[in-house]
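K.L.:
coordinates only, sequence not included:
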């Protein structure tokens, strides 16, 4: 997850991590950003659920980045949520929609499934 966050922030990093320490050549400013990014949830699904504007670990990172970088990180999170939802819609609810449209199945079943997906993959804050 840290590599994805760094890419979203525009940090060029080809290094790695060893025993929790960041390796590779980075400016001190980018190293500080990456150290702060390590405190964000490292599981993809957990990262998608945090409210970047209210989570303490995210706010610590926000203090180190400029507005453009912060906007890119929020956009990255929103794009990933849209992508996850779209895949769930394709796999779980699109067939119900076509059954509703073509066969007269219940529209409510389709809408309920879409709502279930939205509950499973919510927007974490007021931003989108």
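P.N.:
In hand now; what should we look at? No experiment lies behind these values; they were computed from the predicted model shown. Numbers count the residues shown, from 1 in each chain.

K.L.:
going forward, measure contacts between C-alpha atoms and count neighbours the same way
P.N.:
Noted.

K.L.:
tally of neighbours for the nearest residue to residue 52 once chain neighbours are set aside?
P.N.:
Of all residues not flanking residue 52 in the chain, residue 58 sits nearest, at 5.3 Å (CA to CA, 6 or more residues apart in numbering). Under the neighbour criterion other CA atoms under 10 Å, residue 58 is assigned a count of 19.

K.L.:
what does residue 112 give?
P.N.:
Residue 112 has 12 nearby residues by other CA under 10 Å.

K.L.:
average pLDDT across the lengthiest helix in the chain?
P.N.:
Taking DSSP state H as the criterion, the chain has its longest helix at helix 67-88. When pLDDT is averaged over helix 67-88, the result is 95.

K.L.:
in that helix, what counts as buried?
P.N.:
Neighbour-count burial for helix 67-88, with 16 or more other CA atoms under 10 Å as criterion, is recorded at 69-70, 72-74, 76-78, 80-82, 85, 88.

K.L.:
list the contacts for the residue nearest to residue 52?
P.N.:
37, 39, 40, 52 (CA atoms under 8 Å, 6 or more residues apart in numbering).
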